[in-house]
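*Asks:* okay, structure incoming, though there's no sequence with it:
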């Protein structure tokens, strides 16, 4: 094969991953997938190298490959075509509890040739309060169920007890069950496409095309990183929770990024896992390349991360991690941006509110993440890089869904303000902190706090949010 | 069916460079011509009419006097939006929600870029005014309309010089009274002002989608209204007494006056003609499932027609504004003849999306372009004849094409120039095939089940190779290729699309109420067809937007009934269709899961009698009499000595074995090695592809 033929064939990997992601996104039920874009679809080769990936937002960037690497290690010689493996553990290559990766091996001539992986965030997977945000957690078990790599399907036979166990540990079983089924459907579609490609082109040309794609990503990154090299240096950024210190050094074709000197793991939930930190680094330093050519192992490998153990950027088990993306990721972005003299890709997000039916009142509960605005920047479209394909709620759809009314949402000066009213009784919630003021909550009765920080809302209570303007931090 | 007794009908499509005219006679005759487009599109239209009249020995006046209808595809609305030259628009909306248009539900065209420039503001903030009013989801008035505030807003917007006002209130699709009252107030204060109410333009749930579509309607409305009226006056001044229709983005046509009111419906007026023509040509050739591709200078458009019904979508974006009206689903990628080939930082050869356009154009145009394009590669490969571009009206500079490819591609990649040209051709073919895959797989379809209709100047050059890559068996290159959109205009039906949000669980559906709602939409849609005399034969198509409870994306499911009333059995059949369609689209169905209804839709079609085409008699098979020359052409599998035929001398029944090239004015058809081509009774070239096997 010529390089041109390899290039042409390699473009099919990206197209197939995109098709899988589209199918999943269109059929999924969970608000995190639909409104927040928290999903990814990836193709990896038999050794776990990432060939192509499509995602809806940046937190997924490094976690799929890291998770598949974990499960290959975990199952070693006990993985075959007809298996389907579920993983959802921040300490097995993941980011937060509730972010699940479904992996399907694809065999050719009796050997595993590729893996297809579908990753998505479910509405709830146990934990202290409904939802994936656990503001009061101090250790991982308060945040949710750790799904270490487990076979959901073995030799084409569903492991019903495993699925039942997972579904018994969520407050939103219908949504999780639906999304698991959807992920299976999408993964099988991708696997079918890969099989068709292998059948028509042969295993060797397809492997060469995968190698080409990875090598191309590596070369693109080398050129891109060289353009950043002049700005390599050191910088520090701090949040109320931690200090992130970073040293960036250009070393041949790679970028060495050392986070030594960053704060230790927090006793709160403001910690990033290794995969989450890698995702911030990739977004901050390689977004242009990823957007243009798509993610591959060549891009992942171009950055060497030195992450101190038990730090806020490489949480030590059993630290809680559910707010690391909101609290530490912007500091990582900011420190990196200063070190390479670029503008930061992330800003600290404003607080949000998670609403749910009174805890203990019902066997099921679909948490509602309420964040009706975004931090605007003059003359730009949408939110920061962390927003990905996030979509604001529609006032009309929200009111029809029954829990809330959106009373207003518009600019107030350079900021966006939004106000919602709670339409049902028996609603509780937690505030997930962020930048700026906590949301103003107005209701006739005093706002009581049950069970640590869980708030009891009255019907008619109003919550007002302010989204401060993003101002460019000058490089 | 057709009530007119006039002898002629005209299809007119105005493009960026040429205005295309097709004249269709009651006797089945077809005449066509092209004329340069003009800044005032109506001048080009009249020039074209005069030119085509000459072909039948008539004057423009005598032709127009005997012309029953003119159907016009126009880019007036499209250009106004794409070039941001529309009307000054004011918006009156629910207090507290004046910025929804700008927030765009936080949508970004780039997943990662935090500094993506905002789109041009077609309705800037100071012209967006919130007024006190609020209706709840069930239509209850929570805050009465503050009419004084409305008057103040209108006064302000008029003082600011607004040429159009949009009104969009929350839940107006449930309770339109407040919007209608504001409409009345505006008409009292400014009777001639262009006004768009969202309850008229798009009475569907989701305020951003509705306000964006309605503001765009106001933005392009005055321009299209003025153009259509101006054209109508000019035509009538030259003796036209028939009816003027404008092609709509949904693939149908509408009267000029209705078009003015719902101008947003003309944004795909031009391309709609092409898709309509493809359906007609495909049907004549005996195909009902068609993939329509149109390759021009800068882009490659792909759409599908299933069972002769063009696919539509309500998820369009144009000029970065959301258009939620049903429009033909045309997927565009930056792959045209002018697309520039370049090498990225990683050493990969890329083609497009940047285009050399027509100025400077490809290097071989000799207009100062130095970067290699797809056209340059095609010339170097021998696919194009340097002495017969546009029928010889324009000479191509093969040496310049070679220089550009050598300098920018061959030398950096260390390959001979011919290999470089072939690489450019294969990359662009791959990009186009990927786009076609996407369009079909998104709909759960297999490209191999379709016949490919190739239009546009460069479409037929690449269609044979596309068929190979996609595993498609048959390619149709229409005889009327150079005036394809105008041909579609002559065969389009009248079409009004109406919709209403109707939220219900199907298990709890009140059939009586559903029937009443359908009747309301149908009556309104028929009203929009009143006043025309082209047809009294109507077809009604109803559909439901359904989804599994909890899903966000709905599936449009046709409702099939023998009666006007929808019965319980009809509904059951529709639900079964939904499950099957869901499985086709997403490889999954769950008949036990509750299904919910979101929107009801009605298409009322006014059916026109299609032109009675007289097929040509088949002559002998041997095309030797049309042979122009033999030349060496490089295909995907290497170089072949190739017979080159003069398209003008080919006739029905000529059978051509690939490799071959057929040169006509405006297009070159490439029949790849292993393929066979037949000129059919209607002058179309049907290529049969012996090679299938795309992954």
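*Replies:* Sure thing, it's come through. No experiment lies behind these values; they were computed from the predicted model shown.

*Asks:* what sits against the residue of the stretch 1-150 of chain B found nearest chain A?
*Replies:* Across the stretch 1-150 of chain B, the shortest distance to chain A (C-beta to the nearest C-beta) belongs to residue B:96, at 2.9 Å. Backbone N, C-alpha and C define where each C-beta goes, glycine included. In this structure, residue B:96 makes contact with A:407, A:408, A:409, A:410, A:419, B:130, judged by C-beta atoms under 8 Å, 6 or more residues apart in numbering or on different chains.

*Asks:* quick one: low-confidence ranges for chain A?
*Replies:* Where chain A drops to pLDDT under 70, the residues are A:229-231, A:436, A:449-451, A:473-475.

*Asks:* according to the record, where do the domains of it fall?
*Replies:* A:3-215, A:216-339, A:352-467 (automatic domain parsing).

*Asks:* element containing residue A:176, please.
*Replies:* helix A:173-201 (DSSP states H and E).

*Asks:* in that helix, what's buried?
*Replies:* Buried residues in helix A:173-201, defined by neighbour count with 16 or more other C-beta atoms under 10 Å in any protein chain shown: A:173-180, A:182-191, A:193-195, A:197-198, A:201.

*Asks:* report the two of the contacts of residue B:96 separated the most.
*Replies:* The most widely separated members of these are A:419 and B:130, with 13.5 Å between them, by C-beta to C-beta.

*Asks:* what's around residue A:110, how many residues?
*Replies:* Neighbour count of residue A:110, defined by other C-beta atoms under 10 Å in any protein chain shown: 8.

*Asks:* what does the stretch 101-250 of chain A put close to chain B?
*Replies:* Applying C-beta under 8 Å from any C-beta of the partner chain, we find that the stretch 101-250 of chain A lies next to chain B at A:174-175, A:178, A:181-182, A:185, A:188-189, A:193, A:196-197, A:199-201, A:216-217, A:219-220, A:223-224.

*Asks:* which residues of chain A fall in helices?
*Replies:* Chain-ordered helices for chain A, with DSSP state H as the definition, fall at A:3-27, A:31-34, A:63-75, A:160-167, A:173-201, A:203-229, A:274-293, A:297-300, A:324-327, A:329-339, A:395-401.

*Asks:* quick one: residue B:18 and residue B:41 touch, right?
*Replies:* No. In this structure residue B:18 lies outside contact range of residue B:41 using C-beta atoms under 8 Å: 11.6 Å.

*Asks:* was I right about residue B:485 contacting residue B:268?
*Replies:* No. When contacts are counted by C-beta under 8 Å, residue B:485 is not listed as touching residue B:268 (10.7 Å).

*Asks:* ramachandran coordinates for residue B:136?
*Replies:* Backbone dihedrals for residue B:136, given as degrees, to the nearest 10, come out at phi -90, psi 180.

*Asks:* leaving out chain neighbours, which residue sits closest to it?
*Replies:* Closest residue in space to residue B:136, ignoring its immediate chain neighbours: residue B:142 at 5.4 Å, by C-beta to C-beta, 6 or more residues apart in numbering or on different chains.

*Asks:* mind checking the SS state of the one you found?
*Replies:* The assignment at residue B:142 comes out as strand when based on DSSP: H, G, I helix; E, B strand; the rest coil.
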